[in-house]
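[1] Can you look at this prediction? I've put the sequence above it.
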Amino acid sequence: MTKEKGSPSKANEIAKAIDGLMAHGVDLTNMERPKARALIRTFASEKLNANVAIGYSDPVIQRALFLRFGKRC
């Protein structure tokens, strides 16, 4: 039995934050990525009571945005 190293993934929380923002009419697909990342952190913290100090780094959120919306042109 091997124990995983590092912090647990926040991918599900980030996906819920993206879904919540999209449900409120926020167009993350065309938004500048720094602004989108900030909105995701704020939504997760305020609406999902998530601890965004761990697991919500720019690269982690960027990966979630890429998986959801694909590469930006």
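    Structure's in. What do you need?

[2] Surely residue 11 touches residue 65?
    No - the pair formed by residue 11 and residue 65 falls short of the contact definition of CB atoms under 8 Å, at 11.7 Å. Every residue, glycine included, has its C-beta placed from N, CA and C.

[3] Can you classify residue 53 by secondary structure?
    Under DSSP: H, G, I helix; E, B strand; the rest coil, residue 53 falls in the coil class.

[4] Next up, phi/psi of residue 60, please.
    Main-chain torsions, residue 60, degrees, to the nearest 10: phi -70, psi -50.

[5] Oh, that last question was meant for residue 36, not what I typed.
    In terms of degrees, to the nearest 10, the main-chain angles of residue 36 are phi -60, psi -40.

[6] The spatially closest residue to it that is not a sequence neighbour: what's it in contact with?
    Setting aside the residues directly before and after it, residue 36 is nearest to residue 28 in space (CB to CB, 6 or more residues apart in numbering), at 4.9 Å. Contact analysis of residue 28 by CB atoms under 8 Å, 6 or more residues apart in numbering lists 18, 21-22, 36, 39-40, 65, 69.
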